[in-house]
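**Q** when you get a sec, could you give me coordinates for this:
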Amino acid sequence: MATTTKHSVSKWDTLHNNGPFPLKILYKTRLEGSGIMPSKLDRYNDAAKEIQQLIKETKNQNEGFRAYGSAWSMNNIAHQKDRMHFNGAMNLNLTFTDQDLHAMSSYDATNLFLFECGNTIKEVSEKLASHGKSLKTTGASNGQTIAGCISTGVHGSALGVGAVQDYVVGLNLVIGPNPGDIVYLERHTKPALNDVFVQKLKARVIRNDDLFNAALVGLGAFGFIHGVVIEAQNMFLLKRYVRKIDKKLALKLADTMDFKNSTFKIQGETDSNGKGKTPYHYKVFVNQYKDDGKYVVECIYKKPYRQSYPDPFPVIKTSIYGDLINLIIQISRQFPKAIPLFVKSLEKSILPNVNEESTGTLAETFWDAPYQGPAFAVSFGVDHKNSSKALKILADVTINEGPIPGIFAMRFVKKSKATLAFTRFPITCMIEIDGVLWKKSNNLIGLKEISKKMIEALKANNIPFTMHWGKNSDWGFNGLVDHMYGIDAKKWKMCRSALLTADMQKLFSNGFLKTTGLSEKQSHIPNDLIASRI
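**A** Next up, the predicted model:
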């Protein structure tokens, strides 16, 4: 049987020290050993029963329950003041055959995999590679768990793919302690697995597009995500280039995404007519404190897989242009630790000249993030057509109201079908401000205050926006979620109220949901959603 250790603790913190936050009990579940229970499926189902027991124990104490993996989010979205569950040791995976697929499925069984919640992106990539497969996109690093990635909408930077949740085809949820409270959720318009296989998970099937799309970026509020069924693809390579180009040219590409007609070209990345190809990934690095008329850009192009290619790690390990947090930390280490002096140094320095190139798999290109200390990150999503305008507005806030010890980057992502995805626009430009945490003082504005001023500035300029759920912001800003998502915020809450009983809505709630207004119970549930409770 799976075993859970129960620790009485007083506080919990994120990986990047954005807390600490109060906590009473921390659970850690370890699966039964394969020598005692050889079947992966049996061990997987045994773990689900163990989670149900913990939910029952929590309910009997009238307390809250929350699961977390790598604690990567930079706010309290993963936090619950009563009881939290660490998923890291729950990392099984299952494969499928044609006999497991739904009669109406359009999927290739060899591309479908079920990963238990605690698998990190690095673990997922390693397991897929053993089958000659790859994820379609990841974030800038690989330490997050698969369940955590989809819960907060980790977005990567793939123009043709979307965010991590966009290649998820099924969710195995534990939504309560009772029989029937283990469910398998997928779209009715694009089913993946048949009922026979789902029964092997001791689960009941729910096929409903609205419920699935709401639960995809579920913010931990749709129950315990036990397993995630993803669609992978054959292994591929990425050719990465980092270049310094004219600022106006970089921003024009951001606003238009017209690589074909741009004067910016990379040798070897053009078509037969000499026109530029659209990259797999486009990223712009911006130091708002120093304008030399140039921006550093990262362009990555997708290539067919081949066995022999240059080792990418000598470049990737030494690249200053990896994860933006690592970049700002590397810059900060060159100067005194005092934040005002560090910000002053940014005003004098520019991002270094670079001419990097590397070739590797997705997992090799978006590799380990070495920095795990205090850090902040604020990230706004806007329609890419507004990207240069929104960047200027936000940069002006940090200059006029700041300064703050961080710099900007822009990434571009295809629209998601998830109801509360922040990749909400046809092509979403994610404008990110990452840096080192600082303390508010007479000379330095606070993080919450600068976030509020950024929100106010975008609203004042009538630029629609979203915000990354796993990053810092003034999440209590009046009417923020309704402003960002409109009727979709109500739809998400309606789906949650349809799937979970009232007591489970309370149990799977937390301070973040209450602050944003997303914990509100909805009544008058449509009949097609009520059917999910049966």
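
**Q** neighbours of the closest residue to residue 354 other than its chain neighbours, just the number please.
**A** Spatial nearest neighbour of residue 354, excluding adjacent residues (Cβ to Cβ, 6 or more residues apart in numbering): residue 242 at 4.9 Å. In this view, the C-beta of every residue, glycine as well, is placed from N, C-alpha and C. Neighbours of residue 242 under the rule other Cβ atoms under 10 Å: 21.

**Q** per-residue pLDDT of residue 242, please?
**A** If you check residue 242, the pLDDT there is 94.

**Q** repeat for residue 325
**A** Model confidence at residue 325, given as pLDDT, is 70.

**Q** one more: residue 412?
**A** Value for residue 412, per-residue pLDDT: 97.

**Q** so which helix or strand takes in residue 255?
**A** Counting by DSSP states H and E, the element that carries residue 255 is helix 247-256.

**Q** what is the mean pLDDT for that helix?
**A** Mean predicted confidence for helix 247-256 is 98.

**Q** report the distance from whichever helix or strand comes after it to the chain centre.
**A** The helix or strand immediately downstream of helix 247-256 is strand 281-286, counting by DSSP H and E. Centroid separation for strand 281-286 versus its chain: 18 Å, with Cα atoms, centre = their mean, to the nearest Å.

**Q** list the helices and strands strand 281-286 packs on?
**A** helix 247-256, strand 294-304, strand 406-414 (3 or more Cβ pairs under 8 Å, 6 or more residues apart in numbering; DSSP states H and E).

**Q** now the angle between strand 406-414 and the second one, please.
**A** What it means is strand 294-304. Relative orientation of strand 294-304 versus strand 406-414 (axes from the mean of the first three to the mean of the last three Cα atoms, to 10 degrees): 30 degrees.

**Q** pull up the pairing partners for strand 294-304, direction included.
**A** strand 236-246 (antiparallel), strand 281-286 (antiparallel) (DSSP bridges).

**Q** among the helices and strands packed on strand 281-286, which is nearest residue 343?
**A** Among the helices and strands packed on strand 281-286, strand 406-414 comes nearest to residue 343, with 9.1 Å by Cβ to Cβ.

**Q** and the next element down the chain from the closest one?
**A** Next along from strand 406-414, by DSSP H and E: strand 427-435.

**Q** mean confidence for that following strand?
**A** What strand 427-435 shows for mean pLDDT is 95.

**Q** show the pLDDT at the residue nearest in space to the middle of the chain.
**A** Closest to where the C-alpha atoms of the chain average out (Cα atoms, centre = their mean) is residue 154, at 1.5 Å. pLDDT, residue 154: 94.

**Q** how close does it sit to residue 451?
**A** 20 Å (Cβ to Cβ, to the nearest Å).

**Q** contacting residues for residue 354?
**A** 242-244, 296, 320-321 (Cβ atoms under 8 Å, 6 or more residues apart in numbering).

**Q** give me the distance between the residue nearest to the centre of the chain and residue 15.
**A** In terms of Cβ to Cβ, residue 154 sits 14 Å off from residue 15.

**Q** wait, is residue 165 part of a helix?
**A** Yes. The assignment for residue 165 (DSSP: H, G, I helix; E, B strand; the rest coil) places it in a helix.

**Q** name the nearest residue to it, sequence neighbours excluded.
**A** Counting by Cβ to Cβ, 6+ apart, the residue nearest residue 165 is residue 150, at 4.1 Å.

**Q** how about that neighbour, secondary structure?
**A** helix.

**Q** got a pLDDT number for it?
**A** We have a pLDDT of 96 for residue 150.

**Q** what's around it, how many residues?
**A** Around residue 150 there are 27 other residues, counting by other Cβ under 10 Å.

**Q** separation between it and residue 27?
**A** In terms of Cβ to Cβ, residue 150 sits 21 Å off from residue 27.

**Q** ok so, going back, so the residue nearest to residue 354 touches residue 356, yeah?
**A** Yes. Using Cβ atoms under 8 Å, residue 242 is in contact with residue 356, at 4.0 Å.

**Q** list the contacts for the residue lying closest to residue 21 once chain neighbours are set aside?
**A** Beyond its immediate neighbours in the sequence, the residue positioned closest to residue 21 (Cβ to Cβ, 6+ apart) is residue 79, lying 4.6 Å away. Contact analysis of residue 79 by Cβ under 8 Å, 6+ apart lists 12, 19, 21, 23, 66, 68, 510-512.

**Q** which stretch of helix or strand covers residue 79?
**A** Going by DSSP H and E, residue 79 is not part of any helix or strand.

**Q** ok, now how distant is it from residue 309?
**A** Distance, residue 79 to residue 309, using Cβ to Cβ: 42 Å.

**Q** with residue 147 instead?
**A** Remark: distance between residue 147 and residue 309 (Cβ to Cβ) = 32 Å.

**Q** need the strands for the stretch 101-250 of the chain, in chain order.
**A** Counting by DSSP state E, counting those that start in this stretch, one finds strands in the stretch 101-250 of the chain at the ranges 112-116, 133-134, 168-174, 182-186, 204-207, 224-231, 233-234, 236-246.

**Q** need these in TSV (columns: distance to residue 49).
**A** Shown next, in TSV, are the strands of the stretch 101-250 of the chain (distance: least, Cβ to Cβ, whole Å):
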stretch	distance to residue 49
strand 112-116	14
strand 133-134	30
strand 168-174	9
strand 182-186	9
strand 204-207	15
strand 224-231	11
strand 233-234	34
strand 236-246	39
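
**Q** among those strands, which comes closest to residue 345?
**A** Proximity to residue 345 (Cβ to Cβ) singles out strand 236-246 among the strands of the stretch 101-250 of the chain, at 19.6 Å.

**Q** give the contact list for the nearest residue to the residue nearest to the centre of the chain once chain neighbours are set aside.
**A** Of all residues not flanking residue 154 in the chain, residue 139 sits nearest, at 4.4 Å (Cβ to Cβ, 6+ apart). For residue 139, the contacting residues are 121, 149, 154-156, 164, 366, by Cβ under 8 Å, 6+ apart.

**Q** residues touching the residue nearest to residue 165, list them.
**A** With contacts defined as Cβ under 8 Å, 6+ apart, the neighbours of residue 150 are 164-165, 168, 216-218, 225, 228.

**Q** scan these and report the most crowded one.
**A** Neighbour-wise, the contacts of residue 150 (other Cβ under 10 Å) top out at residue 164, 30 neighbours.

**Q** that one and residue 44, how far apart?
**A** Residue 164 is 21 Å from residue 44, by Cβ to Cβ.

**Q** and residue 242, by the same measure?
**A** Residue 242 is 42 Å from residue 44, by Cβ to Cβ.

**Q** now swap in residue 425 and tell me
**A** Counting by Cβ to Cβ, the gap from residue 425 to residue 44 is 37 Å.
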